[in-house]
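>>> Got a sequence here, can you build the structure:
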Amino acid sequence: MGEVSLSTLDSGAMIFPGSRMPALLQTAAREAYASRFDGREPEELHLIQVVDKPGTDEDQAVFDVSAGGDRHRVVLGRRDGDWVAAA
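Sure, this is the predicted structure:
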């Protein structure tokens, strides 16, 4: 897989070109959604914001997730360098 370049908005959010996002983020978001919704798989997963604060433990990734006609927000945070469901 090639490198993904990011653009930064004035708000500090980062945008991925097109619909590409790192597999690591996508996998973490799917796992967070499944654990929150009894193992259900999302139909659509859209990364809408990455908040890059000083240090990695303060970073967040925000997803808009669709499944079964419903939409949900999934927020990931960082723990020990990994992306996990935000507390």
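
>>> Which helix or strand in the chain has the lowest average pLDDT?
The weakest-scoring helix or strand in the chain, judged by mean pLDDT, DSSP states H and E, is strand 7-8 (a mean of 40).

>>> residue nearest the centroid of this protein?
By C-alpha atoms, centre = their mean, the chain has its centre lying nearest to Ala61, at 4.1 Å.

>>> Point me to the helix or strand that includes that one.
Ala61 belongs to strand 60-67 when assigned by DSSP states H and E.

>>> Skip ahead from that strand and say which helix or strand is next.
The element immediately downstream of strand 60-67 (helix or strand, assigned by DSSP H and E) is strand 70-79.

>>> Poorly predicted segments of this structure, please.
1-21 (pLDDT under 70).

>>> Helices of that one, start to end?
23-36 (DSSP state H).

>>> what's the spacing between the residue lying closest to Ala29 once chain neighbours are set aside and Gln26?
Take Ala29 and drop its neighbours on the chain: the residue closest to it by C-beta to C-beta, 6 or more residues apart in numbering is Phe63, 4.7 Å away. Glycine gets a C-beta too; all of them are placed from N, C-alpha and C. Phe63 sits at a distance of 9 Å from Gln26 (criterion: C-beta to C-beta, to the nearest Å).
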